[in-house]
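Engineer: Got a sequence here, can you build the structure:
(one chain, ligands or ions: 1)
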Amino acid sequence: MSSVESKKPLCPVCSQSDQVMAMQTAYDSGVGRCAPPDMPTRNISMMPYIIFSVIFVGICVVLILVLIGSESNIGGIAEGILIGLTLFSIITALSLSYYAFQRVVKGDNEATLLFPAWDQAMAVWRSLYYCKRDDAVFDPKSASVLTTTQVTALRTMEPGVVEAVTANIAQKQSV
Ligand SMILES: [Zn+2]
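Structural biologist: Predicted structure coming up:
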């Protein structure tokens, strides 16, 4: 335990390490903005499409049944409408299923593309520390304090944020 304590870097604001903690520890103790970067997940739900197609097909079936019931009155025209409506409902149901499938595949690809960015963001996040005294998130290598915007951007993995934070660190290291 003492070896872990001694590894704690000095806070660049107060130059002490007694209130310094890892990001995970800070997050566990209730500092919300120290949360790890959000893991990419596919947030595509098929439910709206499924519900819509079920309701749509249901309406078509009711209409078809009504038409069958009144077939004797309308005759040939009803038969035409019946066939048309049946075909239309089948095509619509198939199209919706295809569209829903495409959405899920696309969502998977998007999540896969986000994983390298998430890995990078996690690596940066793990290297950061938090000082409770100053409520500051800082990078111990460059002794630079991150802005709230940078911390938020890291968590939400805004495009280019890892590069921005890393560049900022590298720049400070070279000075
Ligand atoms: Zn401090």
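
Engineer: quick one, domains of the protein?
Structural biologist: Here the domain parsing of the chain from automatic domain parsing is 2-34+111-174, 47-110.

Engineer: Between those domains, which one is closest to the ion.
Structural biologist: Minimum separation from the ion across the domains of the chain (CB to the ion) falls at domain 2-34+111-174, 3.0 Å. C-beta here means a position set from N, CA and C on the backbone, and glycine is covered the same way.

Engineer: Just checking that closest one against the ion, any contact.
Structural biologist: Yes. Domain 2-34+111-174 lies within reach of the ion by CB under 5 Å from the ion, at Cys11, Val13, Cys14, Cys131, Arg133, Asp134.

Engineer: Among those, name the buried ones.
Structural biologist: Buried subset of the residues of domain 2-34+111-174 next to the ion (neighbour count, 16 or more other CB atoms under 10 Å): Cys11, Cys131, Asp134.

Engineer: The residues you listed in helices, which ones?
Structural biologist: Among those, DSSP state H puts none in helices.

Engineer: Among these, which lie within strands?
Structural biologist: Residues of those located in strands (DSSP state E): Cys131.

Engineer: Can you tell me which of the buried ones among the residues of domain 2-34+111-174 next to the ion is closest to Val31?
Structural biologist: For those, the residue nearest Val31 by CB to CB is Cys131; the value is 10.6 Å.

Engineer: mind checking pLDDT for the closest one?
Structural biologist: Cys131 carries a pLDDT value of 97.

Engineer: Please name the residues that touch Leu113.
Structural biologist: Residues counted as contacts of Leu113 (CB atoms under 8 Å, 6 or more residues apart in numbering): none.

Engineer: Lys8: neighbouring residues, count only.
Structural biologist: By other CB atoms under 10 Å, 17 other residues sit near Lys8.

Engineer: residue contacts, it?
Structural biologist: Ser17, Val20, Met21, Tyr129.

Engineer: at 6 Å what do you get?
Structural biologist: Counting by CB atoms under 6 Å, 6 or more residues apart in numbering, Lys8 touches Ser17, Val20.

Engineer: Cys34 now?
Structural biologist: By CB under 6 Å, 6+ apart, the contact set of Cys34 is Met23, Ala26, Tyr27, Tyr130.
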